[in-house]
Each structure stands twice: as C-alpha cells, then as structure tokens.
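**Student:** Here you go, sequence then predicted model.
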Amino acid sequence: MPAPKIFVSSTCYDLRQIRQDIEGFIKSFGYLAILSEKHSVTYNVKESLEADCYNELSSCEMLIGIVGGRYGSESSDNSGNSISMNEMLKAIELNKQSYIFIDKNVNTEFHTYSRNIGKEMEYAFVDDVRIFEFIEKLRGKANIVVINDFSTANDITDCLRAQWAGLFQTFLYNKEQQRQSEGLLTIKTVIEGLLQASDKLSEGVDEIILNSNSFFSSTEVTRQTISPLLAEISRELIGDKNGLILLRNRIEMDSFLKDILGFKDSYFRDHNSTEQQYHKGDLVLHVDFGFIFDENKKHIHRTTKEVKEYEEKNKKKFIYTEDVSTILGIAGIEDDDLPF
C-alpha cells in the first residue's frame with residue numbers, strides 16, 4: 001500500500017541524532033523517511049547530488065526542515081543559501097506540507113540579530129550570519145508554513161504528532177462532507193431526471209390526445225398518470241377495464257355522449273350553472289363542464305387532489321349518472337303522471 005514520503009532537510013553532522021530520532025518517528029507511522037545519508041535519495045549520474053536532492057523532494061508529500069546553528073554546504077546556485085536552505089524553500093514553493101523547526105537558542109539569538117542589523121557582532125549559536133537571513137525569509141512565509149522552535153527531538157515529534165492527527169481528522173471530515181455532497185448530488189440528479197421524465201410524459205400525453213383519431217386508446221400509461229379527469233370520465237362512462245377516453249375539448253365530449261353513447265340533451269338545464277344533464281331512457285348523466293374544460297372549451301389538466309377537493313366541497317362528483325326510475329319510484333310517481 002502506498003505510504004507518504006517525508007523529506008527530512010537539515011545539516012547532517014551537527015543534527016545527526018535528531019535526524020535519527022525523526023526517522024524512527026516517521027517510520028513508526030508506517031511512512032517513508034527520506035534522508036540523504038540513509039541512501040533514500042535516488043542519485044543520477046547525469047545530475048549533481050544537489051539536483052538529485054531537489055528531484056527527490058519533488059516526489060515527496062511532506063517536508064520536515066530543521067534549522068540549527070551550522071550553515072552547511074553552500075548551494076551551487078550562488079543564492080547565498082545552503083543546500084538544506086534551498087530544500088526548504090523549494091518545498092514551500094511546491095506547496096508541500098512543510099514543518100520548519102528552529103533551534104531555540106538560534107531563534108533567541110535571531111531576535112538579537114534583528115535589533116542589530118548592519119552592526120559587526122559575533123554570535124554564540126550560529127557559525128554564519130546567513131542563517132539569520134534565512135530565518136528572516138522563512139518568517140516572511142509564516143502564513144503558509146508551520147514554524148516552531150525546539151530544544152530536543154521530543155519537541156519536534158510532539159508537534160508533528162499533533163499536526164498529523166489534525167490532518168487525519170481534516171481528511172476524515174472532508175471525506176464525510178464529500179460523501180454527503182455526492183448524496184445530495186445524486187438526489188438532485190434523480191429529481192432532475194424525474195422532472196425531465198415528467199416533462200416528456202406531459203409532451204407524450206399531449207401528443208396522444210392531439211393526434212388520436214379515436215375516442216379510445218389502448219395505452220400502457222395508466223389513467224391516473226395521463227389525467228385524473230379523463231380517468232374518472234372513462235370510469236363513469238365505459239367502466240374500469242374498457243380503455244381510456246381521450247377528449248380534447250367539449251365539442252368532442254358532447255359528440256361522444258350523443259353519437260356514440262346515445263345520450264340526449266336533457267330538458268332540465270340551469271343556464272346559470274356550468275353543469276349540464278343528458279338522459280338516455282331512465283339514466284340521467286350529470287356533467288360539470290366548467291370543471292373539465294376552460295372558457296375556450298379545451299380540456300383542463302386537473303390533479304387528483306383537485307378532483308378530491310371538488311367532491312368534498314360539492315358533495316358529489318363532477319360527472320355521475322343516476323337512475324331516475326328508482327328516484328321516481330321512491331317518490332310514488334307513476335310514468336303516466338309525467339308531463340313529457
């Protein structure tokens with residue numbers, strides 16, 4: 001399984017023991033410790049040893065930089081920096097996760113240097129004033145790199161343990177946020193898909209109704225999906241299992257009732273109401289055209305909820321039939337007594 005590669009940058013001989021302690025700490029996590037003296041830097045005969053160190057650093061995920069009191073080997077780039085200094089600056093430039101630790105005595109003496117820049121002074125804890133100049137560069141990048149001082153290797157490992165725990169917690173948190181975001185994205189995608197399917201279905205229904213040459217249609221789409229109004233009209237007029245009546249407007253419905261089902265206009269009509277009655281023998285059909293068609297006599301797409309609300313409000317369906325012979329029989333009226 002791949003493991004993070006962690007580059008340890010510092011002067012070697014004066015910080016040998018600390019580098020060894022840091023190496024053991026890194027390996028205890030199962031990570032790969034990259035130290036030049038442990039032959040973990042890949043050397044290329046076509047490059048200088050210094051360039052090989054920079055190349056190896058580029059393939060690492062993290063850098064631990066340790067600044068002590070020794071300047072070390074000067075870089076060949078004439079920048080005035082040592083090789084270890086350039087390694088740390090290179091890691092920062094590459095946006096590597098970098099942790100810089102400065103010897104506490106050196107860091108304290110740096111403040112003395114800062115107050116006496118330009119003055120000739122001898123310093124007790126550094127062998128070259130360029131170390132202070134380098135620390136000044138690092139402090140200018142304190143917003144993007146962690147800088148701490150240390151007295152012992154334990155100070156460094158304690159800091160790293162806390163920092164890595166924080167990184168791991170952040171990783172887990174971001175992973176959970178990503179999972180939730182993916183879940184929301186999936187829900188959004190499903191909703192968008194349903195809306196698109198609904199739009200296509202509506203277009204398909206309109207196409208069926210507009211292009212149908214028959215009042216009936218044998219279709220796999222359920223009545224309730226196409227239109228609760230058409231479903232109820234079909235159920236009332238032709239029963240549950242005899243197909244679906246597709247009516248585009250009031251004229252077609254009137255024609256269907258009269259020409260196909262044999263109903264006739266009723267003599268009883270309230271011209272102040274949108275309801276109209278048809279009769280055929282002892283059957284009277286009541287139809288509320290105002291609920292089914294708009295002012296242009298075109299079919300209105302009503303929802304199941306609207307249909308139920310209509311029935312609750314009016315205590316009747318918008319279309320229903322009744323047998324007047326039963327009603328008249330209950331009232332004790334004989335056929336011969338009817339005025340028509």
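**Tutor:** Great, that's in hand.

**Student:** Break this structure down into its structural domains.
**Tutor:** 5-151, 215-337 (automatic domain parsing).

**Student:** Least reliable of the ones you listed by average pLDDT, please.
**Tutor:** Among the domains of the chain, domain 215-337 carries the lowest mean pLDDT, a mean of 75.

**Student:** if we can go back for a sec, out of the domains of the chain, which is the most enclosed?
**Tutor:** Of these, the one with the most neighbours on average (mean count of other C-beta atoms under 10 Å) is domain 5-151, at a mean of 16. All C-beta spots, glycine's among them, are computed from the backbone N, C-alpha and C.

**Student:** what distance separates that domain from the centre of its chain?
**Tutor:** Taking C-alpha atoms, centre = their mean, to the nearest Å, the mean C-alpha location of domain 5-151 is offset from the chain mean by 42 Å.

**Student:** what distance separates the start and the end of it?
**Tutor:** In domain 5-151, first residue to last residue: 25 Å (C-alpha to C-alpha, to the nearest Å).

**Student:** Tyr278 bridge partners, please.
**Tutor:** Tyr278 forms beta bridges with Asp265, Leu285, as assigned by DSSP bridges.

**Student:** Contacts only, for it.
**Tutor:** 257-258, 263-266, 284-285, 287 (C-beta atoms under 8 Å, 6 or more residues apart in numbering).

**Student:** please redo it, this time with the cut-off set to 7 Å
**Tutor:** Contact analysis of Tyr278 by C-beta atoms under 7 Å, 6 or more residues apart in numbering lists 257, 263-266, 285.

**Student:** need those residues in CSV with distance to Glu93, can you?
**Tutor:** Compiled in CSV, the contacts of Tyr278 are given as follows (distance: C-beta to C-beta, whole Å):
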residue, distance to Glu93
Leu257, 85
Phe263, 89
Lys264, 93
Asp265, 91
Ser266, 92
Leu285, 86
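
**Student:** if I pick Gly239, what's in contact with it?
**Tutor:** With C-beta under 7 Å, 6+ apart, Gly239 has no contacts at all.

**Student:** can you map out the helices along this protein?
**Tutor:** 16-28, 49-58, 83-93, 104-115, 130-139, 153-211, 223-226, 228-238, 250-255, 289-292, 304-314, 324-331 (DSSP state H).

**Student:** where does Val41 sit relative to Ala51, distance-wise?
**Tutor:** Note on Val41: its distance to Ala51, by C-beta to C-beta, to the nearest Å, is 11 Å.

**Student:** before we move on, what about Gly281?
**Tutor:** Taken as C-beta to C-beta, the span from Gly281 to Ala51 is 105 Å.

**Student:** How about Asn95?
**Tutor:** Asn95 is 20 Å from Ala51, by C-beta to C-beta.

**Student:** Please apply the same query to Phe168.
**Tutor:** With the distance defined as C-beta to C-beta, Phe168 ends up 33 Å from Ala51.

**Student:** Also Gly183?
**Tutor:** 47 Å.

**Student:** isn't Ser82 right up against Gly68?
**Tutor:** No - using C-beta atoms under 7 Å, Ser82 is not in contact with Gly68, being 11.1 Å away.

**Student:** Spit out the contact partners of Asp294.
**Tutor:** So Asp294 contacts Ile300 (C-beta under 7 Å, 6+ apart).

**Student:** Please apply the same query to Arg302.
**Tutor:** By C-beta under 7 Å, 6+ apart, the neighbours of Arg302 are 228-229.

**Student:** any idea of the pLDDT on Asp199?
**Tutor:** Asp199 is given a pLDDT of 66.

**Student:** how close does His111 get to Asn105?
**Tutor:** His111 is 11 Å from Asn105, by C-beta to C-beta.

**Student:** An error on my part: the question was meant for Asp14.
**Tutor:** Applying C-beta to C-beta to Asp14 and Asn105 gives a distance of 13 Å.

**Student:** Kindly report the same for Lys188.
**Tutor:** Lys188 is 58 Å from Asn105, by C-beta to C-beta.

**Student:** ok, now Lys258?
**Tutor:** From Lys258 across to Asn105, the span is 109 Å (C-beta to C-beta).

**Student:** for Gln97, same thing?
**Tutor:** Look at Gln97 and Asn105: by C-beta to C-beta, they are 27 Å apart.

**Student:** Could you export the helices of the chain as TSV, including distance to Leu244?
**Tutor:** Below are the helices of the chain laid out as TSV (distance: least, C-beta to C-beta, whole Å):
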stretch	distance to Leu244
helix 16-28	74
helix 49-58	70
helix 83-93	72
helix 104-115	86
helix 130-139	79
helix 153-211	9
helix 223-226	6
helix 228-238	5
helix 250-255	14
helix 289-292	15
helix 304-314	16
helix 324-331	28
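
**Student:** closest one to Ser36 among the ones you listed?
**Tutor:** Of all these, helix 49-58 sits nearest to Ser36, with 6.1 Å by C-beta to C-beta.

**Student:** and the closest one with helix 83-93, angle?
**Tutor:** 30 degrees (axes from the mean of the first three to the mean of the last three C-alpha atoms, to 10 degrees).

**Student:** counting contacts, what elements does helix 49-58 pack onto?
**Tutor:** Other elements packing on helix 49-58 under the criterion 3 or more C-beta pairs under 7 Å, 6 or more residues apart in numbering; DSSP states H and E are helix 83-93.
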